[in-house]
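Novice: Based on what follows, work out the 3D shape:
(chains A, B, C and D)
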2 protein chains.
Amino acid sequence: MRSTQKRSQEARLDAVFGALSDGTRRRILARLARGSARVSDLAEPFAISLPAVCKHLDVLEQAGLLRRERDGRVSRCHLDARPLESAEAFIEHYRVFWSGTLEALALYVEEPGKLADRELADR
Amino acid sequence: MRSTQKRSQEARLDAVFGALSDGTRRRILARLARGSARVSDLAEPFAISLPAVCKHLDVLEQAGLLRRERDGRVSRCHLDARPLESAEAFIEHYRVFWSGTLEALALYVEEPGKLADRELADR
DNA sequence: CTATTAGCTAACCAAAAGGTTAGTAATTGG
DNA sequence: CCAATTACTAACCTTTTGGTTAGCTAATAG
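Specialist: Numbers count the residues shown, from 1 in each chain, chains lettered A, B, ... in the order given. The predicted model follows:
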């Protein structure tokens, strides 16, 4: 139960960060943020083949970041940004380590383990 | 100058998100958040070989998330979370799409392009 | 009806990712 | 000095990734 939950959350993070690790996919997400679009519209800015774009869409869909809604011969693609929330939550734990105000980091250094044990427990 | 001092922001995001897309590397980062550690210490929790861990450390180092400081035969590894700031900045642009308060999203829908053109221009 | 269009599969390819074992270099403990 | 430890390369293997071309299906325009 706990381990199952943990695994799936880990797999979700794998998929989301993996999806974000490619510039083409990030550009597709940026395009979708302006509104839903057809596959051909999404493919238009790129110098790669349509099937290659389809594979990128598959990756985004697997990560839960894109939904496809088939209407006739047209697939309309929508952004679903919700999986980004867990990705940002992960990164957010490290904010203290880059934050301009070093008070929090100093606090951490003085009391090691306190912050880490609470927010960075093995996951 | 041999080392590329200024790396494109896109390549940096590729590297950072790619580094985060693996659970082993995320666990290594979590460990480093508790303090610097030797390579063997980092490897200890994992059922993989030491060279495999070294490769993960290489990936993290390439992404700028880890610094190695050789002291004798020991490499001491330090977290450098600063590259996460740009990763979070990227994700942050999409917060409006998952945020609980839907006012901003509604605003966006009413005036498409306004928000997107300002914050999500393909870079 | 026919031709075109939109989106996909299938099959293939090269390169990268993630792992292994074996071996090497340098440092350190006995 | 000798042996063990630490971290790393080198070489190799398998799977995944990101791309291709060719071909297929379903829907639509004329």
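
Novice: May I ask you to confirm that A:Arg70 belongs to a strand?
Specialist: Yes. Counting by DSSP: H, G, I helix; E, B strand; the rest coil, A:Arg70 is located in a strand.

Novice: Run through the residues that contact it.
Specialist: The contact partners of A:Arg70, by CB atoms under 8 Å, 6 or more residues apart in numbering or on different chains, come to A:Arg76. C-betas here are computed from N, CA, C, even on glycine.

Novice: So in terms of bridging, what pairs with it?
Specialist: A:Ser75 (DSSP bridges).

Novice: Distance-wise, check it relative to B:Asp14.
Specialist: Note on A:Arg70: its distance to B:Asp14, by CB to CB, to the nearest Å, is 31 Å.

Novice: A:Leu66 too?
Specialist: On the measure of CB to CB, A:Leu66 and B:Asp14 end up 19 Å apart.

Novice: of the two, who's got more company?
Specialist: Between A:Leu66 and B:Asp14, counted using other CB atoms under 10 Å in any protein chain shown, the more crowded position is A:Leu66 (24 against 18).

Novice: Flag every residue of chain A that's near DNA strand D.
Specialist: When proximity is defined as CB under 7 Å from any atom of the strand, chain A approaches DNA strand D at A:18, A:21-22, A:24, A:47-49, A:51-52, A:55-56, A:59, A:71-73.

Novice: Just the buried ones from those residues?
Specialist: Listed as buried from the residues of chain A next to DNA strand D are A:Gly18, A:Ser21, A:Asp22, A:Thr24, A:His56, A:Val59; burial here means 16 or more other CB atoms under 10 Å in any protein chain shown.

Novice: List the residues that contact the fourth one.
Specialist: A:Thr24 makes contacts with A:Phe46, A:Ile48, A:Val53, A:His56, as judged by CB under 8 Å, 6+ apart.

Novice: what pLDDT does whichever residue of chain A sits closest to DNA strand C get?
Specialist: Going by CB to the nearest atom of the strand, DNA strand C is nearest to A:Ser40 of chain A, at 3.2 Å. Per-residue pLDDT puts A:Ser40 at 98.

Novice: how much space between the closest residue to A:Leu66 other than its chain neighbours and B:Pro51?
Specialist: In this structure, A:Leu66 finds its nearest non-sequential neighbour in A:Leu60, 4.0 Å apart by CB to CB, 6 or more residues apart in numbering or on different chains. According to CB to CB, A:Leu60 stands 33 Å off from B:Pro51.

Novice: just A:Val16 next, same as before
Specialist: Distance, A:Val16 to B:Pro51, by CB to CB: 28 Å.

Novice: got it, and A:Ala63?
Specialist: Distance, A:Ala63 to B:Pro51, by CB to CB: 30 Å.

Novice: Could you list the low-pLDDT ranges of chain A?
Specialist: Within chain A, the ranges that satisfy pLDDT under 70 run A:1-7, A:100-123.

Novice: can you pull out the helices in it?
Specialist: In chain A, the segments counted as helices under DSSP state H are A:2-20, A:23-33, A:39-43, A:50-62, A:83-92, A:95-98, A:103-110, A:114-119.

Novice: Tell me which other helices or strands the fourth one touches.
Specialist: When contacts are defined as 3 or more CB pairs under 8 Å, 6 or more residues apart in numbering or on different chains; DSSP states H and E, helix A:50-62 packs onto helix A:2-20, helix A:23-33, helix A:39-43, strand A:66-71.

Novice: Nothing else from me, thank you.
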